[in-house]
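1. Okay, sequence plus prediction incoming.
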Amino acid sequence: MTSYMIDDTDYRILQFLIGDSTLSHKDIGALVHMTGQAVGARIRRMRELEIIEGYTVRWNPTKIGLGIHAFVTVFLSSNAAHPPFQQFARHHESVMELHRVSGEGCYWMRVRLKGQEELNAFLDELLEFGNYKVNLGVGQLK
């Protein structure tokens, strides 16, 4: 993938969108001293260049019953386990993030689950691919 240069204004627009993707082009324009139409054109260009890949929403998982927030380091049992594990993780609704990592372990996952029973069932499923280490989130600071 080619690296694209963006100017300071594009960068500022991007930072405002990262902070709050619901801001209108007009609102961002007021912050960067441009028209909403000009901001919209820059955002479209950044989307075309795949600098902006999409939009997301911040949410409170505990409000919908997902009280367990776990960080799981996965140690696969063999090289052959990578493709089926990746398939499992991509399609499991509890897996919020999956990263292939260097150092300790093969993968790092962030998962959200309803409770201890659901966490235990998830960890039992992981044993099909290898072993794991779990750290539970106790509070988000940022």
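-> Received, thanks. Computed from a prediction, not measured in an experiment: that's the story for all the values here.
2. helices and strands around the host helix or strand of residue 118, which ones?
-> Taking DSSP states H and E as the criterion, residue 118 maps to helix 116-126. Contacts defined by 3 or more CB pairs under 8 Å, 6 or more residues apart in numbering; DSSP states H and E place helix 116-126 against strand 68-76, strand 107-113, strand 130-136. (Each C-beta comes from the backbone N, C-alpha and C, glycine too.)
3. Figure out which of these is closest to residue 21.
-> strand 107-113 (20.5 Å; CB to CB).
4. Identify the residues contacting the closest one?
-> 61, 66-74, 76, 85, 89, 94-101, 119, 122 (CB atoms under 8 Å, 6 or more residues apart in numbering).
5. returning to that earlier point: would you mind finding the most buried of the helices and strands packed on helix 116-126?
-> strand 107-113 (a mean of 20; mean count of other CB atoms under 10 Å).
6. May I see the helices and strands packed on helix 116-126 arranged in CSV, with mean pLDDT as well?
-> Supplementary listing: these in CSV, determined by pLDDT from 0 to 100:
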stretch, mean pLDDT
strand 68-76, 98
strand 107-113, 98
strand 130-136, 97
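7. tell me which residues form a beta bridge with the most centrally placed residue in the chain?
-> Centroid-nearest residue in the chain, with CA atoms, centre = their mean: residue 97, separated by 5.3 Å. Legend: beta-bridge partners of residue 97 under DSSP bridges are residue 110.
8. so what's it up against?
-> Residue 97 neighbours (CB under 8 Å, 6+ apart): 108, 109, 110.
9. before we move on, the earlier item: can you tell which of the helices and strands packed on helix 116-126 is closest to residue 34?
-> strand 107-113 (36.5 Å).
10. What is the burial count for residue 42?
-> 20 (other CB atoms under 10 Å).
11. Quick check: bridge partners of residue 133?
-> residue 73.
12. Start and end of stretch 17-34, how far apart?
-> 15 Å (CA to CA, to the nearest Å).
13. Just the residues contacting that stretch, thanks.
-> Contacts of stretch 17-34 (CB under 8 Å, 6+ apart): 9, 12-13, 16, 35-40, 42-43, 52, 55-57.
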